[in-house]
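1. sharing a model that was predicted from the sequence below.
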Amino acid sequence: MVKAVVTGAAGRMGKRIIGIINDTQGIALAGAVERQGHPFVGKNISELGLAGKDITLASGIEDVMDSGDVVIDFTTPDTSIKNLETAAAHKKAIVIGTTGFSTAQRSQIKELAHKTRCLLAPNMSVGVNLLLKILPKIAKTLGDDYDIEIIEAHHHLKKDAPSGTAMRIAEVIASAMERDLEKVAVYERKGITGERDRHEIGIQTIRAGDIVGDHTVMFGGLGERIEITHRAHSRDTFARGAVKAALWLVKQKNGLYDMHDVLAMR
């Protein structure tokens, strides 16, 4: 039985991950963590409406690390880095679904992953990872004759923009097209911008209501337009992927992985 520690346990994703763990064979909740000062810290997680009669919400991952085999982390970039450091020190596996990491933080994650098993993915749904697999081939086939635009929409509480998924989509397409994303990405258009450069990759952000997560990639050619859209209707999509990743990761050797490894899509 794989024992999991969930950080951000009282948040929207944390609650759904715990729910999926409770419904999945072969894995059990061993610990739940929230930030210091959270009103439910020190209380049984049943008070959050979650199953787990013997689980008390901890204020630090160190308090529960030894009880688990794997950490599932959906928090903030700074917190995820600290949790990865702690997991590495205790030789525990960690699944990170946090987005918004800086370039320096990504380098730090790669370095720390040498010391433990770490899976980092901005989106853990099967559908999105399938898109990440096929989009480079589509982009290469269509070539420079098709303009590329990425439109993402999320709920109004999301803190980072563009989404980690949109940025990953842009990265894999730019790589396939042999373009430097830092030079060709366009995040906003306003005023007299001039004609669109054929090498631009547009990345546009929408924040509204309770949208779980929509991503559309548009390839606009002369006389036709191809649009590929993924819509997440429930956070359970991401939670199931995270739990699947945790079950897979504990069996691996030290290193940095993503969902393509879990889904055998290499």
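-> On my side now, so go ahead.

2. look up which residues are beta-bridged to residue 6.
-> For residue 6, the beta-bridge partners are residue 32, residue 72 (DSSP bridges).

3. these two touch, right, it and residue 72?
-> Yes: between residue 6 and residue 72 there is a contact at 5.1 Å, judged by Cβ atoms under 8 Å. The way it works is simple: take the backbone N, C-alpha and C, and place the C-beta from them, glycine included.

4. so which of the two has more stuff around it?
-> residue 6 (35 against 32; other Cβ atoms under 10 Å).

5. measure that one to residue 178 for me?
-> When distance is defined by Cβ to Cβ, to the nearest Å, residue 6 is 40 Å away from residue 178.

6. which residues in the stretch 151-266 of the chain form helices?
-> Listed in chain order, the helices of the stretch 151-266 of the chain (DSSP state H, counting those that start in this stretch) span 164-176, 181-184, 236-249, 259-262.

7. quick check: buried residues in the second one?
-> By neighbour count with 16 or more other Cβ atoms under 10 Å, helix 181-184 contains the buried residues 181, 184.

8. with the first one instead?
-> Going by neighbour count (16+ other Cβ under 10 Å), the buried part of helix 164-176 is 164, 165, 166, 167, 168, 169, 170, 171, 172, 173, 174.

9. run the chain-centre distance for it.
-> How far helix 164-176 lies from its chain's middle: 13 Å, per Cα atoms, centre = their mean, to the nearest Å.

10. hang on, the earlier thing: closest one to residue 115 among the helices of the stretch 151-266 of the chain?
-> Residue 115 lies closest to helix 236-249 among the helices of the stretch 151-266 of the chain, at 14.3 Å (Cβ to Cβ).

11. same list, the buried residues of helix 164-176, but as TSV with pLDDT and distance to residue 57 please.
-> Putting these into TSV (pLDDT from 0 to 100; distance: Cβ to Cβ, whole Å) gives the following:
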residue	pLDDT	distance to residue 57
164	93	26
165	95	29
166	97	32
167	96	32
168	96	31
169	98	35
170	98	37
171	97	36
172	97	37
173	98	41
174	98	41
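
12. ok, now which ones touch residue 40?
-> By Cβ atoms under 8 Å, 6 or more residues apart in numbering, the residues touching residue 40 are 10, 34, 47, 48, 57.

13. do you know how far residue 109 is from residue 245?
-> Residue 109 is 15 Å from residue 245, by Cβ to Cβ.

14. more neighbours: which of these two?
-> residue 245 (26 against 19).

15. local confidence estimate at that one?
-> Listed pLDDT for residue 245 reads 97.

16. now do the contacts for it.
-> By Cβ under 8 Å, 6+ apart, the contact set of residue 245 is 95, 119, 121, 124, 259, 262.

17. so the fifth one touches residue 121, yeah?
-> Yes: applying Cβ under 8 Å as the test, residue 259 and residue 121 come out as touching, 4.5 Å apart.

18. mutual contacts of these two, please.
-> Counting by Cβ under 8 Å, 6+ apart, the residues touching both residue 259 and residue 121 are 129, 241, 245.

19. in TSV: the residues you listed, plus distance to residue 100.
-> Listed next are these as TSV, based on distance: Cβ to Cβ, whole Å:
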residue	distance to residue 100
129	19
241	19
245	19
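
20. just the closest of those to residue 83, please.
-> Using Cβ to Cβ, residue 245 is the member of the shared contacts of residue 259 and residue 121 that sits closest to residue 83, with 15.4 Å.
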